[in-house]
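J.: show me the folded form of this:
(one chain, ligands or ions: 1)
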Amino acid sequence: MAQSKFKKIRLFKLARELNVGIDTIEQQLKELGYAHALSGRGANAVLEDEEAYEALLEAFDYDRKVAARLKELREARAEAARAAKVEVEEEVEEGEEEVEAVESAEALVEDEGEESEAATEAAVEEPAARETVAAKEGAHASELPEEVPAEMPVATDERPEVVEVSATSAVAEAAPVAESERAVEAEAPAEEADEMPEASVTVEAPEPETEEVVPEQPSEMEAGAAEEQEEKAEADEVIRAQRYQLQGAKIIGKIDLSKIEGDEARPGKRKRKRKRKAKPAPEEEVVKVAVEDEEEKPRPKRKRKRKRIRRVDEEEVEQSLQETLRELEQGVSRIRQRRRRERRERHAQERAREAQQEAQEARKLRVTEYISTGELAELMGVDVSEVISTLFNAGMIVSINQRLDADTIQFVADEFGYEVEFITDYNELEIEIPEDRPEDLQPRAPIVTVMGHVDHGKTSLLDYIRNTNVVAGEAGGITQHIGAYHVELPDGRHITFLDTPGHEAFTAMRARGAKVTDIVILVVAADDGVMPQTIEAINHAKAAGVPIVVAITKIDKPEANPQRVMQQLAENGVLVEQYGGQVQCALVSAKTGEGIDDLLEKVLLEAELHELKANPDRPAVGTIIESRVEKGRGNVATVLVQNGTLRVGDPFVAGVTSGRVRAMFDERGNRVEVAGPTIPVLVLGFDELPEVGDQFVVVPDEKEARAIAQKRQQIRREQMLRKQRRISLDEISRRMAQGDRLKELNLIIKGDVAGSVEALSDALLKLSTDEVAVSIIHSGVGAITESDVMLASASNAIIVGFQVRPTSSARQLAEREHVDIRLYSVIYQAIEDVRDALEGLLSPEKTERVVGVAEVRETFKIPKVGTVAGCRVIEGRIRRGDRVRIIRNGVVIYEGTISSLKRFKDDVREVQSGYECGVGIENFNDIKVGDQIEAFEIVEQRRKLEV
Ligand SMILES: Nc1nc2c(ncn2[C@@H]2O[C@H](COP(=O)(O)OP(=O)(O)OP(=O)(O)O)[C@@H](O)[C@H]2O)c(=O)[nH]1
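T.: Below you'll find the model as predicted:
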């Protein structure tokens, strides 16, 4: 399973997972070079690239951890809060239980003796909250009801009874246990008792007052006083005393009345007391109660402790939360800063490395010969005007779209500090063609291209030669234009003419690495002389190292001046034989036919000089001269066989396509079975349409042919993308420099001949303005192919075809890829269409229009609705849903939408000027009397291209 388990993830989910914002993720992806991994926009954008996802996880690892930690802490806090709540509840319950316990204890005490009842009741009725179990016990234990109140004042100065009662109770339990002697011993003045904190003393304290002492009773009384002190002073000693008295007692429960309001507890208690009055209290129980009482002290302690523990827990949680937050704010931000810094440094290093590599790569230009000035400038990342001026300084006048020869490219590259490597489109995958043995080589016909300035008579010359040199018997069918033709002179010698006059086609072919032409016939009209294109043609021929034969045409014309032409040629480096040079020159007239034989003779002589030879006994090697899709025939192309012999049935590779020769035809439509060197034939059987200039090579078998073609397609695609990427990068920096305001229309231009491609490119480039630009990402001669469509698809380009058609496979691909292919046969139409497209790219002009103003006269607060403004429309009209601004004292304080609009009680859609209405503004309640509500609308207007 090579497939990754990774599934695409939406951006908002990712943001949640990583604990960062969407923008941050987008930014990070860009920084990490994964901007492409995100498809779609906004929170719903989808990340499909696992690698990018991993990179994000790594990058935001820290944020995720922080989020997790915070979550933990929050949970801990919530847990603590829950626990605290439960404890409080438990406590409450406990409290209740305690109350019950106390009550039962009281009951027990009460039961102990009926006499104590009155005292108990008295004590119970005391409002002091401080009363504890002891109070009740005191009550029960006191067998001397009347005395108690009397003694109290003695024991305590303030609130004597209360305290005393409670105190008594505390000791009361002890009392029964204590022996009467002890009580007697304990006899001491009440005052003393007051001062004496010791329990033993206190126990005795009451005695003197009570005079006749029943052992238990007095002790209780005193105990009450002692307890009071004890409460004020050291409880320990009291406890000690109690312990002493209560030795062996058993703890059976805890009672804490400290929290229980005396008032609340008492009524119930009283009732119960009454209820249980009659019940006899077993002694043990009394003891138990006493013990409980003894426990009274530690209990609050425990409670306090418990509380403290709880508080500590909360504190801890709070503290760690605070710490985390602090960390987040300070420490963490430091860590974060460090991480960021590291990340930045890492990225900077990567970028530097990449930049270095790129710089090295960038210093090396891998180009095909005859790339245009503009393309060369683009590859070097310099402004085209710099290249043009550099060449101008070197004495060469070139245009932006002019194709440059190898020397010129080399020169420019040197000037700008670049290395040049000339490549063909699929340099790496040339088919090795074995060298011919000299003995196998036989003389062959020259292949001739006619070049010259426009209207100097190239076509007329070619036509004349063709028509007058038709070998008898061959004139079967109608002459068809297949891009080249082969003529046999009366003496049996042959010449092949390339039928696409002009140096553009010649150069376009050379740009594709095709070296077809053996001899150039340079046509110069005798009446016009050397013109710019004549010079270009000379340069191109020279650059290609192709010998020139000059044909001075239109010599039949009265104004013809061949001498002047020869002189001009000499001035331009072409020294004709008449001027003592090596270049042959014929004076001809395509009208009269004068001098044409002489011209052909000179061409053949030139061919002889160069000993043009080929081996007819080997698999064919040639060049695609023309290609097109023909109805009923499919992909057809003219192959000019340059070496070897082509036969029907031969498998072949042509550029990035392959096939097998199904049938061959000559230029008159006659079927042929074989085609030897220099013979142009129309070949059927191409899998895809080849491009003009493609090398045609016969290979041993069709399978191999297909494999090579596929490999080449892949290489070409990569090259296209590489080139595209480079352009994009340049464009990006350029756009950034321009503040990213530029919009662009990418175009791929294909034309029938290089001239028309240039003309169209120039015209379209001129449509560019500061805001929208035409970018020609690729242009070429020949049919629109699949690779064009792929490139267009990859770069969102439109394909403009001038006098060419897409191949059927390209058409299908374009449909699949939604690539727009526009076909034209009139340049003007193409320009108009592109202009329209550019206008579409211009962002519409947005203007704002105030449609109405209302003045707030009153405001109403309506529950669940908010504040509604009672207004009067003073200008225009306002509508529900209108965008509005609230203007207060001339200042816009809010911008929003009208959410409700009412006339009296009815909802209305619109209110006109002069009427009153109620207006509710969405999410805005701060409306005040005197505010103005200004309704406005945005009007978008399509802009026109100003060129
Ligand atoms: N008198 C005279 N007119 C000629 C001769 N050759 C061409 N012409 C005329 O010159 C004009 C241009 O000729 P073309 O053959 O179309 O010239 P071209 O160089 O092919 O032109 P483009 O294809 O536009 O570059 C036509 O009107 C021809 O009739 C010639 O030898 N004598």
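J.: contact partners for Leu760?
T.: When contacts are counted by C-beta atoms under 8 Å, 6 or more residues apart in numbering, Leu760 touches Ile749, Gly751, Val800, Phe802, Ile827, Ala830, Ile831. In this view, the C-beta of every residue, glycine as well, is placed from N, C-alpha and C.
J.: could you redo the last one with a cut-off of 10 Å?
T.: Under the criterion of C-beta atoms under 10 Å, 6 or more residues apart in numbering, the contact list for Leu760 reads 401, 747, 749-751, 776, 779, 800-803, 824, 827, 830-831, 834.
J.: next step: those residues restricted to strands.
T.: Leu747, Ile749, Lys750, Gly751, Ile776, Ser779, Val800, Gly801, Phe802, Tyr824 (DSSP state E).
J.: for those residues, work out which two are farthest apart.
T.: Pairwise distances across the ones in strands among the contacts of Leu760 (C-beta to C-beta) peak at 15.1 Å, for the pair Ile776 and Tyr824.
J.: of these two, which one has the most company?
T.: Using other C-beta atoms under 10 Å as the criterion, Ile776 and Tyr824 rank with Ile776 on top: 22 against 19.
J.: can you tell me the closest non-neighbouring residue to the residue of the stretch 1-150 of the chain found nearest the ligand?
T.: Closest to the ligand within the stretch 1-150 of the chain is His36: 47.1 Å, counting by C-beta to the nearest ligand atom. For His36, ignoring the flanking residues on the chain, the nearest one in space by C-beta to C-beta, 6 or more residues apart in numbering is Asp49 at 7.9 Å.
J.: the one you found contacts Lys7, correct?
T.: No - in this structure, Asp49 sits apart from Lys7 without contact. The criterion is C-beta atoms under 10 Å, and the distance is 11.6 Å.
J.: the more surrounded of those two?
T.: Asp49 (18 against 9).
J.: tell me the contacts of the more buried one?
T.: For Asp49, the contacting residues are Ser4, Phe6, Lys8, Leu29, Tyr34, His36, Ala37, Leu38, Ser39, Ala55, Leu56, taking C-beta under 10 Å, 6+ apart as the criterion.
J.: rerun at 8 Å
T.: Contacts here follow C-beta under 8 Å, 6+ apart; on that basis Asp49 touches Tyr34, His36, Ala37.
J.: quick one: Ala705 from Ile938, how far?
T.: Distance check for Ala705 against Ile938: by C-beta to C-beta, to the nearest Å, it reads 61 Å.
J.: between these two, which one's more packed in?
T.: More neighbours surround Ala705 than the other of Ala705 and Ile938, with 24 against 9 (other C-beta under 10 Å).
J.: nearest residue to that one other than its sequence neighbours?
T.: The spatially closest residue to Ala705, leaving aside those adjacent along the chain, is Ser658, at 3.8 Å (C-beta to C-beta, 6+ apart).
J.: surely that neighbour is in contact with Pro690?
T.: No - using C-beta atoms under 8 Å, Ser658 makes no contact with Pro690, being 9.3 Å away.
J.: neighbour count: those two, which is higher?
T.: When Ser658 and Pro690 are compared on other C-beta under 10 Å, the one with more neighbours turns out to be Pro690, at 32 against 26.
J.: quick check: that one is in a strand.
T.: No - the assignment for Pro690, made by DSSP: H, G, I helix; E, B strand; the rest coil, is coil rather than a strand.
J.: mind checking the longest strand of the protein?
T.: For the chain, the strand reaching the highest residue count under DSSP E is reported as strand 845-862.
J.: could you list the buried residues of the helix or strand following that strand?
T.: Along the chain past strand 845-862, the next helix or strand (assigned with DSSP states H and E) turns out to be strand 866-879. Within strand 866-879, the residues that qualify as buried are 866-873, 875-879, counting by 16 or more other C-beta atoms under 10 Å.
J.: wait, is the residue of the stretch 1-150 of the chain closest to the ligand part of a helix?
T.: Yes - remark: His36 belongs to a helix, assigned using three-state DSSP.
J.: for it, grab the count of nearby residues.
T.: Residue crowding around His36 was assessed by other C-beta under 10 Å; the count is 11.
J.: again with Arg77
T.: Applying other C-beta under 10 Å, we find 17 residues neighbouring Arg77.
J.: nearest spatial neighbour of it, skipping sequence neighbours?
T.: Val317 (4.6 Å).
J.: correct me if wrong: that neighbour contacts Ala78.
T.: No - using C-beta under 8 Å as the test, Val317 is too far from Ala78 to be in contact (9.2 Å).
J.: who's more crowded, these two?
T.: Set side by side, Val317 and Ala78 give different neighbour counts by other C-beta under 10 Å, the larger being at Val317 (19 against 11).
J.: what's the closest non-adjacent residue to Arg717?
T.: In space, Arg717 is closest to Met790, 6.1 Å off (C-beta to C-beta, 6+ apart).
J.: ok, back up a step: next up, identify which helix or strand the residue nearest to Arg77 is on.
T.: Mapping Val317 onto the secondary structure by DSSP H and E places it in helix 298-329.
J.: taking the mean pLDDT, what do you get for that helix?
T.: When pLDDT is averaged along helix 298-329, the result is 60.
J.: ok, stretch 15-24 next?
T.: pLDDT averaged over stretch 15-24 equals 79, rounded to a whole number.
J.: residues touching that stretch, excluding its own?
T.: Contacts made with stretch 15-24 from outside it, assessed by C-beta under 8 Å, 6+ apart, are listed as 11-12, 25, 28, 42-43, 56-57, 60, 63-64, 66-67.
J.: follow-up on the earlier one: give me the phi and psi for the residue nearest to His36.
T.: Phi and psi for Asp49, reported as degrees, to the nearest 10, are phi -100, psi 120.
J.: low pLDDT regions in the stretch 401-550 of the chain?
T.: Per-residue confidence for the stretch 401-550 of the chain (pLDDT under 70) gives these ranges: 423-430, 469-479, 502-505, 507-508, 510-513.
J.: can you give me the strands for it?
T.: Per DSSP state E, counting those that start in this stretch, the stretch 401-550 of the chain has strands spanning 419-422, 442-443, 447-452, 484-488, 494-498, 519-525, 548-553. These are given in chain order.
J.: wait, Gly644 touches Ala620, no?
T.: Yes - counting by C-beta under 8 Å, Ala620 is a contact partner of Gly644 at 4.1 Å.
J.: common neighbours of these two, please.
T.: Between them, Gly644 and Ala620 share the contacting residues Val698, judged by C-beta under 8 Å, 6+ apart.
J.: what's around the residue lying closest to Ala67 once chain neighbours are set aside, how many residues?
T.: Nearest residue to Ala67 in three dimensions, chain neighbours excluded: Asn19, at 3.6 Å (C-beta to C-beta, 6+ apart). Using other C-beta under 10 Å as the criterion, Asn19 is surrounded by 17 other residues.
J.: again with Ile409
T.: Using other C-beta under 10 Å: Ile409 sits among 23 other residues.
J.: please tell me how far it sits from Lys554.
T.: Between Ile409 and Lys554 the distance, using C-beta to C-beta, works out to 35 Å.
J.: then Glu626?
T.: When distance is defined by C-beta to C-beta, Glu626 is 28 Å away from Lys554.
J.: okay, buried residues for stretch 392-400 please.
T.: Neighbour-count burial for stretch 392-400 flags Met396, Val398, Ile400 (criterion: 16+ other C-beta under 10 Å).
J.: any idea of the mean pLDDT for it?
T.: pLDDT averaged over stretch 392-400 gives 79.
J.: one more: stretch 83-93?
T.: For stretch 83-93, mean pLDDT rounds to 61.
J.: and if you look at stretch 810-819?
T.: When pLDDT is averaged over stretch 810-819, the result is 80.
J.: check stretch 570-590 too.
T.: The predicted model gives stretch 570-590 an average pLDDT of 91.
J.: mind checking the end-to-end distance for it?
T.: End-to-end distance for stretch 570-590: 24 Å, by C-alpha to C-alpha, to the nearest Å.
J.: before I go, just wanted to say thanks for your time.
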